[in-house]
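In: give me a model of this one.
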Amino acid sequence: MMVSPPPETERELALGRGSRQSVAQSPSSPALVWGKAGRAISTVWDLRLPRVVAALVVGSALGMAGALLQGMLRNSLAGPTVLGVSSGAGLVALSLISLGASSAWLPFGAWLGALITTGLVYALAKQGTALSPFLTIV
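Out: Numbering: from 1, shown residues only. Next up, the predicted model:
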């Protein structure tokens, strides 16, 4: 006689094999309590709201990064693609992939490449003690 695993383990195994767990399968799901209306509420709270919050957080972080870059260089046209910061990050990421490094090091390597490129652009654009906004774009 075969003993079946508890439902939680069964769901975890199913998720590990690549299947998708329905929102209504959770024991505390509003869909089980309120039917069709509960499924809509559950979809909003469990699926849509976390994605909206993540998009707001990431969007505001990117906006802040762009504003800081423009403020640091005192140039309203400065952007990561114009200054080559994105290319520096991509170069290091591609180098890590080519060298067969672990994928866990990829984000850190890309960040380090972007940081080095930003420092290089900042050093090249500096004239004496002042930063030239014209040299930053050229």
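
In: give me the helices and strands touching the longest helix along the chain, please.
Out: With secondary structure taken from DSSP state H, the chain has its longest helix at helix 49-73. Helix 49-73 sits against helix 80-83, helix 106-125, with contacts defined as 3 or more C-beta pairs under 8 Å, 6 or more residues apart in numbering; DSSP states H and E. Where C-beta positions appear, they are placed from N, C-alpha and C, glycine not excepted.

In: what are the buried residues along it?
Out: Neighbour counts over helix 49-73 (16 or more other C-beta atoms under 10 Å) mark Leu69, Leu73 as buried.

In: how much does that helix deviate in direction from helix 106-125?
Out: Angle between the axes of helix 49-73 and helix 106-125 is 20 degrees (criterion: axes from the mean of the first three to the mean of the last three C-alpha atoms, to 10 degrees).

In: tell me the domain ranges of the chain?
Out: With domains defined by automatic domain parsing, the chain comprises 25-73, 75-138.

In: winner for burial among those?
Out: Mean neighbours per residue, mean count of other C-beta atoms under 10 Å, is largest over the domains of the chain for domain 75-138, with a mean of 14.

In: hmm, back to that, select, out of the helices and strands packed on helix 49-73, the one closest to Gly63.
Out: helix 80-83 (12.4 Å; C-beta to C-beta).

In: got the CA coordinates for the closest one in CSV?
Out: Backbone C-alpha positions of helix 80-83 (Å, rounded to 0.1, in the frame of the first residue of the first chain) are rendered in CSV as follows:
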residue,chain,number,x,y,z
PRO,A,80,23.9,55.7,-18.6
THR,A,81,23.8,54.9,-22.3
VAL,A,82,25.3,58.3,-23.4
LEU,A,83,28.2,58.0,-20.9
